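**Q** give me a model of this one.
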Amino acid sequence: MQRGLVVAVAAGLGLAAGALAQPARAPDPVAVGDSSGLVVGGIEVLTSGRTNVEARFNGWREAQRKAWPLLWSRYTGLAPERAPRLSDAALDSIVSAIEIEEEAVRDRIYGARLSVVFDRLRSAAFLGGAAALVQSPPLLLLPVLQDAGARMGYEPESPWVQAWLRFRAGESAIDYIRLRAGPLDRLLLSAWQAERADIALWRRIVDRYQVADVLVPELILERDLPGRPVQALLILRSGPGGRELGRLRLAEPRGDVAALLDRAVREADARFTAAFRAGLLKPDPALAPPEPVEVPDEAPELAPVAQAAVVEVEVEAASDQAFVEIERRLRATPGILGVEVRSFVVGGISRLGLRTTLPPAELAAALAVEGLALEAGRVRLAEPPPPAPGLVAEPPPAPGPAAQPAPAPPSEP
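**A** Now for the predicted structure:
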């Protein structure tokens, strides 16, 4: 018995009759994309042959024949019996791999439960008008988990991220880009980032991961003691603006958190897929790069542009709101071409990289105009803090009329 073994079928099954098993390729250490294949799982076969190898080969061929109508029905919405019949040679050309869920071979009898992996691009040629629904553009997945008051994005200890990495996304029409996040990924794709509306930063994230848009499945976990029932609220959003696609309440009476998370992933994928087929997952136009500006042929000569340099500064902010306000003012300062968040600490000292053409003295003066103070490499708000609620400064008393001196008593003669 073999479980979870991926068998690569070179050039279809035509070259796989003598092959037994090859180890699966290790996943990409940065991103896990699912654009390579469409998976149809749970195909049961029982075949025979003159040898055990031939019996297995016949089983794989039979799995292909059974899987194709199911794939065609998935994307057309019609009954599998109406699928066009394909020859074994045509099936060999569009099947890229066989995944063995369970198998047993004995006395030239082969019984197995298999998953058939179809090549997305080659399969599209046989799906007709449904080919446009085979695969979405690559979409960055940002799972957000709220558990016991803590909010997590791509933190390594997040069980919500691990549930998405376990998901067999090859069975979905959504091309999820899931990350095995490094330190920089965890900094950029935090739970806080999922709520930001900074289009410039989102555009840099989209460029970094080469995706069209972002999907944010948020799970709010509600649990008590181990073994007690667990509940969760699933909220699905898309785009940097957080456009909501739906929400759903889930419950697990046995208290099995892992089972609840896996079910939540399947429910989220079903709704993302429905939104894609309804045309609701179109990339946000705000993420598109700006249109190039046409320069006339007889444009005047421009003075040479000063060379930009990157200046690292510290930011002193007591709250998230203060940090966002400082970052907004920095981006609005003339002479600052870009702002890069290098580290962020709530209520502490954060670090930013400023790309600017201004020398230090002019940079400090430009920041002062925006209400920011730059001292010893640290930026802070220059305005004094507002008075505490309920405390109103008393105005000084208005001066009264000047007192007249008392008349001197008359002198004695």
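
**Q** immediately after the longest helix seen in the chain, which helix or strand?
**A** Secondary structure of the chain per DSSP state H: the longest helix is helix 52-76. Per DSSP states H and E, helix 52-76 leads on to helix 88-94 as the next helix or strand towards the C-terminus.

**Q** what pLDDT, on average, does that next one get?
**A** Helix 88-94 shows a mean pLDDT of 89.

**Q** shaky segments in the stretch 101-250 of the chain?
**A** Across the stretch 101-250 of the chain, the ranges flagged by pLDDT under 70 are 128-135, 170-171, 227.

**Q** now the strands: where do they sit in it?
**A** Remark: strands assigned in the stretch 101-250 of the chain by DSSP state E, counting those that start in this stretch are 109-119, 139-141, 144-147, 150-152, 176-179, 213-222, 230-238, 243-252.

**Q** out of these, flag the one nearest Pro334.
**A** strand 213-222 (30.8 Å; C-beta to C-beta). Placement of C-beta: from N, CA and C, glycine included.

**Q** I'd like the distance from stretch 137-148 to the chain centre, please.
**A** 5 Å (C-alpha atoms, centre = their mean, to the nearest Å).

**Q** any residues touching that stretch, and which ones?
**A** By C-beta atoms under 8 Å, 6 or more residues apart in numbering, the residues outside stretch 137-148 that reach it are 33, 35, 151-154, 158-161, 163-164, 174-179, 189, 191, 193-194, 205-206, 209-221, 223, 281, 283.

**Q** redo that, cut-off 6 Å
**A** Where contact means C-beta atoms under 6 Å, 6 or more residues apart in numbering, the residues beyond stretch 137-148 that reach it are 152-153, 158, 160-161, 164, 175-178, 189, 191, 194, 209, 211-221.

**Q** could I get it in CSV with only the CA atoms?
**A** The C-alpha atoms that make up stretch 137-148 are tabulated as CSV, following Å, rounded to 0.1, in the frame of the first residue of the first chain:
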residue,chain,number,x,y,z
PRO,A,137,-5.1,35.2,-13.0
PRO,A,138,-2.6,34.6,-10.2
LEU,A,139,-4.1,36.0,-7.0
LEU,A,140,-2.0,36.5,-3.8
LEU,A,141,-3.6,34.8,-0.8
LEU,A,142,-3.3,36.7,2.6
PRO,A,143,-5.0,34.5,5.3
VAL,A,144,-5.9,36.5,8.4
LEU,A,145,-6.6,34.7,11.7
GLN,A,146,-8.0,36.2,14.8
ASP,A,147,-7.7,33.8,17.8
ALA,A,148,-8.1,34.8,21.4
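
**Q** buried set for it?
**A** Pro138, Leu139, Leu140, Leu141, Leu142, Pro143, Val144, Leu145, Gln146, Asp147 (16 or more other C-beta atoms under 10 Å).

**Q** can I get these in CSV including distance to Ala251?
**A** Output for the buried residues of stretch 137-148, formatted as CSV (distance: C-beta to C-beta, whole Å):
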residue, distance to Ala251
Pro138, 33
Leu139, 28
Leu140, 29
Leu141, 24
Leu142, 25
Pro143, 20
Val144, 20
Leu145, 17
Gln146, 17
Asp147, 16
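
**Q** so what does the longest helix of the chain touch, helix or strand wise?
**A** Where contact means 3 or more C-beta pairs under 6 Å, 6 or more residues apart in numbering; DSSP states H and E, helix 52-76 is packed against strand 37-48, strand 95-106, strand 109-119.

**Q** make JSON lines out of the ones you listed and add distance to Leu330.
**A** As requested, the helices and strands packed on helix 52-76 are exported to JSON lines (distance: least, C-beta to C-beta, whole Å):
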{"stretch": "strand 37-48", "distance to Leu330": "45"}
{"stretch": "strand 95-106", "distance to Leu330": "49"}
{"stretch": "strand 109-119", "distance to Leu330": "48"}
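
**Q** quick one, which of those strands is nearest to Ile199?
**A** Per C-beta to C-beta, nearest to Ile199 of these: strand 37-48, 33.3 Å.

**Q** any idea of the angle that closest one forms with strand 109-119?
**A** If you take axes from the mean of the first three to the mean of the last three C-alpha atoms, to 10 degrees, strand 37-48 sits at 160 degrees to strand 109-119.

**Q** quick check: neighbours of strand 37-48 in the sheet, parallel or antiparallel?
**A** If you go by DSSP bridges, strand 37-48 pairs up with strand 109-119 (antiparallel).

**Q** buried residues, the partner strand. List them.
**A** Those would be Tyr110, Gly111, Ala112, Leu114, Ser115, Val116, Val117, Phe118, Asp119, for strand 109-119 by 16+ other C-beta under 10 Å.
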